[in-house]
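K.L.:
Quick one: sequence and predicted model below, then my questions.
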Amino acid sequence: MVPVEYYLGLSIVLFSLGALGVLIRRNAIIIFMSVELMLNSANLTFVAFANQYQLISGQIFVFFVMAVAAAEVAVGLALIVAIFQTKQSIDVDQINLLKG
Amino acid sequence: MNLSNASASLNAILPLVVVILWACALLLVDLFITKERKGLTALLAAIGMLASLIITLARLDLEAVVFNGMVTVDGFSNFLTVLFLGSGIVAVALSYDYLKRMGLEKGEYYVLLLFTVSGMMLMAVASDLIVVFLALELLSIPLYVLAGIATPRLDSEESSLKYFLLGSFSTGIVVYGIALVFGATGTTSLAGIVDAITAGSAGMGLLVAGAAMLLIGLGFKVALVPFHMWTPDVYQGAPSSVTAFMAIGAKAAGFAAILRIFIQAFPALSVDLTPVLWVLAALTMILGNVVAIAQRNIKRLLAYSSIANAGYILLALVPYGQSDVAADSVASALFYLLAYAFTSFTAWSVVIALEQVEGKGLELEDYAGLSRRYPILALTMTVAMLSFTGVPPTLGFLGKFYVFRTLLEGGFPGLAVIGVVTSLISAYYYLRVVVYMYMREGEPQAIRDPWLYIAATASAICLVVLGIFSQPLFAWASQAMLH
């Protein structure tokens, strides 16, 4: 059996990649994909520990996260489409009307 | 779980069930309400929240642990439920005329408001991290849409996108934090976490990492420095009625989660977390108040003020690990949230009264001479500014007083000094608004909408009257959290 530390290590790598993506990338859709990567790294952690402790609740949590992430995608993509229609761009550096 | 158990559980969260069912029903009913009569939707939404509020008030001393320990109804949750429903109702009163003026009359606005309120109410009763996560999303996702409801206005869309990206980023951090806590303890229930810690079976390294990520994620939601950078942009771009609600409801819900999670589940980690909270609170108060001085736009000014206020609320949490202070910690944080809610609503209703189409009427100069033409508005704004500053006998003064007292009880005089000094700094920009209203010449424009005036004057009167008779209110806030 693969030890749980390996899963944890992989999830930390995935989470860091996701967080870096959010902070570095400028395209709204890619930022959004990076957020999904963060959520999935958390899911991996849940499944790994659920397997280690032989607890079903950790696996159930993954379904909660997936369902809520789907709701978030629906709202997020609608927002991105709306802003693209107005602005003809989804580059977050160009979306800079508000500052001060 | 058998059937009688389920009905007992549902009965315990009846106010929440009412709001959710009412929101679903209103979504359908709204289809049959013509565009000219959207006031009816507003009225129905307010009635739904009022019904829920009456149920809550009728059984204020209800205490129950239901849904297999996932939901806890206690004095803490009842207090916050009343606060959330009250803010929801005031938000409807502020929205109705504003939406009509801005050409934003959409029925789904009120439905989304109801869903957000239900998420906040769920947050108040959540005693399992899964429920905390669900509540966080239930309150955030409708708020993302509400912030962008003025589409195709670009500032509203931009505010919505920024709120969405930063909000989902923080959700990702919260979920990862929960996963680490689950990995450390093998459970997500707050009581189970405490059991695992006392039994010594918890992996402390993972647990501290998880708690820190929860703090970061929720810190985004309540706008603690350095996780605050979205706040001014989002508050400025969103429609003012949404901003008012966001500034109060979302912040209170975030603090509800922070208070319950840290005080119930993580008192054992206070050695590691208290210094972090100390630094976060100090940074938040200093940066919020200092940057606010430079603001000329009233919405941005209030946004920085809301950041600073998050710092003052966090002060109450700093000594949370000392078991004899924890009860005062909760009580003073709740009391401060209530004072902040009243003060903010007073200020925001004046902002909404002065706002014109296309974002005009939001600069400090537009408030010049307000006392001549609109003495009532000027007076209510003055009361709000005094309460934000913390001048007696307003509620804002008492809120700060109780928070500082808790800090001194916990033995953090240094932080209390920072709090007092930053309050003095804040007097500069709050009172500048008053100076503009009373001592500068100008031709301000404001609307005369009865609901708005009722909301503004009623909350201003409450600020003073409740400030004078604050004892019962504080006693109510002191009703303990169930352990």
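P.N.:
Happy to help now that I have it. Quantities reported herein were computed from a predicted structural model and do not represent experimental measurements.

K.L.:
residues in contact with the residue of chain A found nearest chain B?
P.N.:
Distance from chain B to each residue of chain A (C-beta to the nearest C-beta) is smallest for A:M38, at 3.4 Å. The C-beta positions use only the backbone N, C-alpha and C, and glycine is treated the same way. By C-beta atoms under 8 Å, 6 or more residues apart in numbering or on different chains, the residues touching A:M38 are A:14-15, A:18-19, A:22, B:169, B:172-173, B:175-176.

K.L.:
can you check B:L354 too?
P.N.:
Applying C-beta under 8 Å, 6+ apart, we find B:L354 in contact with B:361-362, B:366-367, B:370, B:377, B:444-446.

K.L.:
do B:T81 as well
P.N.:
Taking C-beta under 8 Å, 6+ apart as the definition of contact, the neighbours of B:T81 are B:15-16, B:56, B:121, B:124-125.

K.L.:
hmm, 10 Å instead?
P.N.:
Contacts of B:T81 were listed using C-beta atoms under 10 Å, 6 or more residues apart in numbering or on different chains, and they are B:13, B:15-16, B:19, B:52-53, B:55-57, B:60, B:73, B:117, B:120-125, B:256.

K.L.:
Does residue 86 lie in a helix or a strand, and which?
P.N.:
You didn't pick a chain, so chain A it is. For A:T86, the enclosing helix or strand under DSSP states H and E is helix A:57-87.

K.L.:
Not quite, go with chain B.
P.N.:
When secondary structure is defined using DSSP H and E, the element that contains B:G86 is helix B:75-102.

K.L.:
if you look at whichever helix or strand comes after that helix, does any of it touch chain A?
P.N.:
Proceeding N to C from helix B:75-102, the next assigned helix or strand is helix B:107-125, under DSSP H and E. No: on the criterion C-beta under 10 Å from any C-beta of the partner chain, helix B:107-125 is out of touch with chain A, staying 10.6 Å away.

K.L.:
which strands and helices sit next to helix B:107-125?
P.N.:
Based on contacts counted as 3 or more C-beta pairs under 10 Å, 6 or more residues apart in numbering or on different chains; DSSP states H and E, the elements that helix B:107-125 packs against are helix B:14-29, helix B:39-58, strand B:64-66, strand B:71-73, helix B:75-102, helix B:129-147, helix B:240-245, helix B:251-260.

K.L.:
Hmm, B:L27 is touching B:L112, no?
P.N.:
Yes: using C-beta atoms under 10 Å, B:L27 is in contact with B:L112, at 9.5 Å.

K.L.:
neighbour-wise, which of those two wins?
P.N.:
For B:L27 versus B:L112, the count of surrounding residues by other C-beta atoms under 10 Å in any protein chain shown is larger for B:L112: 22 against 17.

K.L.:
if I pick the closest residue to the more buried one other than its chain neighbours, what's in contact with it?
P.N.:
Leaving out its chain neighbours, the residue that sits closest to B:L112 by C-beta to C-beta, 6 or more residues apart in numbering or on different chains is B:P142, at 4.1 Å. Residues in contact with B:P142, defined by C-beta under 10 Å, 6+ apart, are A:75, B:23, B:108-109, B:111-119.

K.L.:
Can you turn the buried part of these into a ChimeraX selection?
P.N.:
Of the contacts of B:P142, the buried ones go into a single ChimeraX selection, burial set by 16 or more other C-beta atoms under 10 Å in any protein chain shown:
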select /A:75 /B:23,108,109,111,112,113,114,115,116,117,118,119
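
K.L.:
Among the contacts of B:P142, which one sits closest to B:S470?
P.N.:
Compare each of those with B:S470 using C-beta to C-beta and the shortest gap goes to B:V117, at 25.8 Å.

K.L.:
Show the contacting residues for that closest one.
P.N.:
Under the criterion of C-beta under 10 Å, 6+ apart, the neighbours of B:V117 are B:16, B:19-20, B:23, B:45, B:48-49, B:52, B:81, B:84-85, B:87-89, B:91, B:138-139, B:142, B:245, B:249, B:253.

K.L.:
just A:M1 next, same as before
P.N.:
Under the criterion of C-beta under 10 Å, 6+ apart, the neighbours of A:M1 are A:51-52.

K.L.:
Count residues in the vicinity of B:V417, would you?
P.N.:
Here the neighbour count serves as a burial measure; for B:V417 (other C-beta under 10 Å) it reads 12.

K.L.:
List the buried residues in whichever strand or helix holds it.
P.N.:
Secondary structure assigned from DSSP H and E places B:V417 in helix B:413-439. For helix B:413-439, burial by neighbour count (16+ other C-beta under 10 Å) applies to B:415-416, B:418-419, B:422-423, B:425-427, B:429-431, B:433-434, B:436-438.

K.L.:
does that helix come close to chain A?
P.N.:
No: judged by C-beta under 10 Å from any C-beta, helix B:413-439 stays clear of chain A, getting no closer than 14.1 Å.

K.L.:
Just name whatever secondary elements that helix is in contact with.
P.N.:
Using 3+ C-beta pairs under 10 Å, 6+ apart as the contact criterion, the neighbours of helix B:413-439 among helices and strands are helix B:270-292, helix B:298-317, helix B:323-354, helix B:370-373, helix B:375-389, helix B:395-410.

K.L.:
how about those in CSV, adding distance to B:Y235?
P.N.:
As requested, the helices and strands packed on helix B:413-439 are exported to CSV (distance: least, C-beta to C-beta, whole Å):
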stretch, distance to B:Y235
helix B:270-292, 12
helix B:298-317, 4
helix B:323-354, 10
helix B:370-373, 21
helix B:375-389, 15
helix B:395-410, 19
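
K.L.:
ranking the ones you listed by burial, who's on top?
P.N.:
Mean neighbour counts were compared across the helices and strands packed on helix B:413-439 using mean count of other C-beta atoms under 10 Å in any protein chain shown; the top stretch is helix B:298-317, at a mean of 26.

K.L.:
List the contacts of the closest residue to B:V222 other than its chain neighbours.
P.N.:
Distance criterion C-beta to C-beta, 6+ apart; nearest residue to B:V222, sequence neighbours excluded, is B:G254 at 3.7 Å. The contact partners of B:G254, taken as C-beta under 10 Å, 6+ apart, are B:120, B:123, B:136, B:139-140, B:170, B:217-224, B:310, B:313.

K.L.:
Now flag whichever of these is closest to B:T198.
P.N.:
Using C-beta to C-beta, B:L218 is the member of these that sits closest to B:T198, with 24.4 Å.

K.L.:
In what element of secondary structure is the closest one found?
P.N.:
With the criterion set as DSSP H and E, the secondary-structure element containing B:L218 is helix B:204-222.

K.L.:
ok so, going back, please identify the most buried of the helices and strands packed on helix B:107-125.
P.N.:
Mean neighbour counts were taken over the helices and strands packed on helix B:107-125 using mean count of other C-beta under 10 Å, and the top value, a mean of 28, falls to helix B:240-245.

K.L.:
Check which helices and strands it sits against.
P.N.:
In terms of contacts (3+ C-beta pairs under 10 Å, 6+ apart), helix B:240-245 is packed against helix B:75-102, helix B:107-125, helix B:129-147, helix B:154-185, helix B:231-237, helix B:298-317, helix B:323-354.
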